[in-house]
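**Student:** Give me a 3D structure for the following:
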Amino acid sequence: MSANPDHMHAISSDTTRAVDDVLDYARRRALYQDVPLDKPMTPRDLERLASGSITADGIGARRAIALFENVLAPACISTDHPGYLSFIPSAPSKASLAFDVVVSASAVYGGSWMEGAGAVFAENEVLHWLAKEFGMPATAGGVFVQGGTIGNLSALVTARDAARRRAADEGRPTPSRWVVVCSAEAHSSIASAAAVMDVDVATAEVDGDGRLRGEAVARVLDAHGDAVFAVVATAGTTNFGIVDDIAGIAAAAHDRGIWFHVDGAYGLAAMLVPELRPAFEGVGLADSLIVDPHKWLFAPFDACALLYRDPALALEAHTQKAEYLDTLTGKPDWNPSDLAIQLTRRARGLPLWFSLATHGTEQYRATIAHGVDLARRIADEISARDRLSLVREPQLSVVVFRRDGWSLADYEAWSAKLLDDQQGFVVPSSHRGEPVLRFAIISPLTTFDLLTGILDTLQ
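**Tutor:** Now for the predicted structure:
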């Protein structure tokens, strides 16, 4: 082998050019005036245009970045495009995007206080601010994890561990099958977490507005008794943006000594808007909760803020034991990796910290409020148009509607043309077996005119 071992790491003309080329592209992409929507290519087309990049001697940074910019990136839909209205979009601030580059360039390890004290401190500043906004006690704390699925799973693992310890302390046997209670409208990650944990899911019926209420939860809890280790409420469902009866569910859970978790991956950020806080009454009673900054807190992928009322319970559940980890214990603050299902972790909360520090919390409140206001405005427009009708009035920033008389095939053909025309990305969803459309509004660059332009195509 003729290559020098340190070639990739040494500061040389080659590595300098590589860094310059990459940062030049990153700057152009971050500062695009008009972000391209783009669309996926077929495997055959990508095989034809992009294969052969991995070679014995490398193709060089300039060719590699050109391949990404001209072929691979255009085959990815831009989630920060103002016309990206499917699923839950991402709209990272320019400050958070820029600082994400810094996080990577700094080689910061965010798993322990010993190795990353400065980064962990900054992340904790954000977590403590969020906890205060959500009404949790000053002793609350947590960690940034990959996404809502990992956040929900980590919280439920903590809840089960706490239930096991409590049963042991009280001299009670543990059930043959543990049960977590949620609504049929809960995010799919709850069922996924239950499958990983090998526990059962018991669903409580929602009301006519799609909300899970305390009375329905109480009936399911009484039916399953001591087998239940956690109850999950949703603060903004993905499909409709519906906020459950959080206070009622909290009361039902705590009256029976059961862990109460709030899945606010998408919607809980709306609690930062003072006018919307009444809809989230009871969040401060949660034993754990999550909110995803890469959704409505304008951070880049991927970040989920996981908060615990009592972080000591998470430490008991998640702290990994090994001889080589002994030196990490007993430090001034807890280690982030001891609070969730992870050991190695990126300091993924830093881009949000930088953006918040740069712009301030009032800017965040105003930008979140934009999505809610625009959703209400476009809902009124939909109601006023022939052949269009709302499925339900929006509560947050998701608007679900139908084009009267259309089948799923009609929706799919329309959606494909909308993307082909680079006007927007709006895929069909469904509600009670009926195909529907939905606008998920996150980006402050999404305008009323853009949305009405899309509605105009629904002829």
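
**Student:** Skipping adjacent residues, who's closest to residue 186 in space?
**Tutor:** Spatial nearest neighbour of residue 186, excluding adjacent residues (C-beta to C-beta, 6 or more residues apart in numbering): residue 234 at 5.5 Å. Placement of C-beta: from N, CA and C, glycine included.

**Student:** Go ahead and list the helix or strand containing that neighbour.
**Tutor:** Per DSSP states H and E, residue 234 falls inside strand 228-234.

**Student:** Next secondary structure after that strand?
**Tutor:** Next along the chain after strand 228-234, with elements defined by DSSP H and E, is helix 246-255.

**Student:** Can you tell me what sits against that next one?
**Tutor:** Contact partners of helix 246-255, identified using C-beta atoms under 8 Å, 6 or more residues apart in numbering, comprise 212-215, 217-218, 221, 231, 233, 235, 259-260, 262, 280-283, 285-286.

**Student:** Show me where the stretch 201-350 of the chain has its helices.
**Tutor:** 214-224, 246-255, 293-296, 311-318, 350-359 (DSSP state H, counting those that start in this stretch).

**Student:** quick one: which of those is nearest residue 389?
**Tutor:** helix 293-296 (26.5 Å; C-beta to C-beta).

**Student:** for that closest one, packing partners?
**Tutor:** Other elements packing on helix 293-296 under the criterion 3 or more C-beta pairs under 8 Å, 6 or more residues apart in numbering; DSSP states H and E are strand 304-308.

**Student:** Neighbouring strands of the strand it packs on in the sheet, and parallel or not?
**Tutor:** strand 141-145 (antiparallel), strand 288-291 (antiparallel) (DSSP bridges).

**Student:** Specify the local secondary structure of residue 437.
**Tutor:** strand (DSSP: H, G, I helix; E, B strand; the rest coil).

**Student:** And the pLDDT for it?
**Tutor:** In this prediction, residue 437 carries a pLDDT score of 98.

**Student:** same check, this time on the one 10 residues further on
**Tutor:** Per-residue confidence for residue 447 comes out at a pLDDT of 98.

**Student:** Now do the contacts for it.
**Tutor:** 82, 374.

**Student:** which SSE is residue 399 in?
**Tutor:** With DSSP H and E as the criterion, the answer for residue 399 is strand 398-403.

**Student:** What about residue 265, how many residues nearby?
**Tutor:** 29 (other C-beta atoms under 10 Å).

**Student:** From residue 160, how far off is it?
**Tutor:** 20 Å (C-beta to C-beta, to the nearest Å).

**Student:** Residue 101 now?
**Tutor:** 39 Å.

**Student:** Looking only at neighbour counts, state which of these two leads.
**Tutor:** Just comparing residue 101 and residue 160: by other C-beta under 10 Å the higher neighbour count belongs to residue 160, 19 against 16.

**Student:** so that one sits in a helix?
**Tutor:** Yes: checked against three-state DSSP, residue 160 lies within a helix.

**Student:** Find the nearest non-adjacent residue to it, please.
**Tutor:** Distance criterion C-beta to C-beta, 6+ apart; nearest residue to residue 160, sequence neighbours excluded, is residue 229 at 4.8 Å.

**Student:** for this structure, which helix is longest?
**Tutor:** helix 361-384 (DSSP state H).

**Student:** Let me know the angle separating the helix or strand that comes right after that one from helix 361-384.
**Tutor:** Note on helix 361-384: by DSSP H and E, the next helix or strand toward the C-terminus is strand 388-392. Interaxial angle, strand 388-392 versus helix 361-384 (axes from the mean of the first three to the mean of the last three C-alpha atoms, to 10 degrees): 130 degrees.
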